[in-house]
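J.: fold the stuff below for me.
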Amino acid sequence: DFPAEDVGVGPREMGFLFGQYRRLSGHFQGNFTGPKIFWSGSSFRTEATGYGLVFFARVVLADMNKELKGLRCAISGSGKIAMHVLEKLLSCEAIPVTVSDSEGYLFDGDGFDYVKYTLIRNIKAQQRSLKEYLKTFPRAKYINDAKPWGEQCDIAFPCASQNEIDQGEALSIISSGCRVLIECSNMPCTGQAVDILRKAKVHVAPAKATAAGGVAVGELELNPEFSLMQWSVEDFENKIQTGSSKANI
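T.: Model (predicted):
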């Protein structure tokens, strides 16, 4: 077993698991991914999956003789993975234009920058609706009860939930001009959607491979001495990029 965070399971829930495990076992062994560094695991584990998704996208684009810089990116979701994808896209000079929540999606045609990213992060930290974004940036728009896949983009990052892209959404993605889709959540595309996208020559990177960044760090956490390791940001990103590149191969 290698317990990890997912939908509805965050640091608090991982803490409950860890406390109960220690109570039952009577000792401090094993690994949990997600709790704070003094429990177990990596101080960079939270960022690993989201960053790795962007690194994987960069490798895919390199095979197409393209780069992320200047590409418009549609993102669904606004949780841990989506926000780290957005953050890393900004450092790659891409142009993320959407995020979403349970009520609809937010679109900013000018693209998000670090100031806007910080605002979104604060809105989510306070568990408020993304509609709050419009108070500061009224040129943006929020579309209720909809998904962002009809907005013009070059690359899609579905980070929200399983089966969020069906046949209809796949057709919207094709019409949007998107040519690369990086699965970020677990199985965000139905099988029918994948068939439609691939027939339209949209490159679909499956979640089993794209999640290599988080998996790579998880594997390293299995090292009994891992908690004693101290990585720099550069070391961390190099390890994730290596894992993402191997998964792409």
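J.: moving C-terminal of the strand or helix carrying Arg22, what's the next helix or strand?
T.: Assigned by DSSP states H and E, Arg22 belongs to helix 11-25. Later in the chain than helix 11-25, the nearest helix or strand by DSSP H and E is helix 45-63.
J.: relative orientation of that following helix and helix 11-25 in degrees?
T.: Using axes from the mean of the first three to the mean of the last three CA atoms, to 10 degrees, the direction of helix 45-63 lies 120 degrees away from that of helix 11-25.
J.: circling back to that earlier point, which elements pack onto the helix holding Arg22?
T.: Using 3 or more CB pairs under 8 Å, 6 or more residues apart in numbering; DSSP states H and E, no helix or strand is in contact with helix 11-25. Quick note: C-beta positions are derived from backbone N, CA and C, even for glycine.
J.: can I have it written out in CSV, keeping just the CAs?
T.: In CSV, the C-alpha atoms belonging to helix 11-25 read as follows (Å, rounded to 0.1, in the frame of the first residue of the first chain):
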residue,chain,number,x,y,z
PRO,A,11,-3.4,16.7,4.0
ARG,A,12,-6.0,16.4,6.8
GLU,A,13,-7.2,13.0,5.7
MET,A,14,-3.7,11.8,5.2
GLY,A,15,-3.0,12.9,8.7
PHE,A,16,-5.9,10.9,10.0
LEU,A,17,-4.5,7.8,8.1
PHE,A,18,-1.0,8.4,9.5
GLY,A,19,-2.2,8.8,13.1
GLN,A,20,-4.3,5.6,13.0
TYR,A,21,-1.5,3.7,11.3
ARG,A,22,0.9,4.7,14.0
ARG,A,23,-1.6,3.8,16.7
LEU,A,24,-2.2,0.4,15.3
SER,A,25,1.4,-0.4,14.4
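J.: what about it, average pLDDT?
T.: What helix 11-25 shows for mean pLDDT is 83.
J.: in that helix, what counts as buried?
T.: Of all the residues in helix 11-25, those buried under the rule 16 or more other CB atoms under 10 Å are Met14, Phe18, Tyr21.
J.: ok, the residue nearest the centre of the chain - contacts?
T.: Closest residue to the average C-alpha location of the chain: Ile81 at 3.3 Å, with CA atoms, centre = their mean. Applying CB atoms under 8 Å, 6 or more residues apart in numbering to Ile81 gives the contacts Thr49, Gly50, Leu53, Cys159, Cys184, Ser185.
J.: from memory the first one sits against Thr210, does it?
T.: No: counting by CB atoms under 8 Å, Thr49 sits too far from Thr210 to count as a contact (9.0 Å).
J.: contacts for the longest strand anywhere in the chain?
T.: Longest among the strand segments of the chain by residue count, using DSSP state E, is strand 95-101. Residues from elsewhere that reach strand 95-101 (CB under 8 Å, 6+ apart): 70-78, 82-83, 85-86, 89-90, 105-109, 111-112, 120, 124, 129-130, 147-148, 151, 153, 160.
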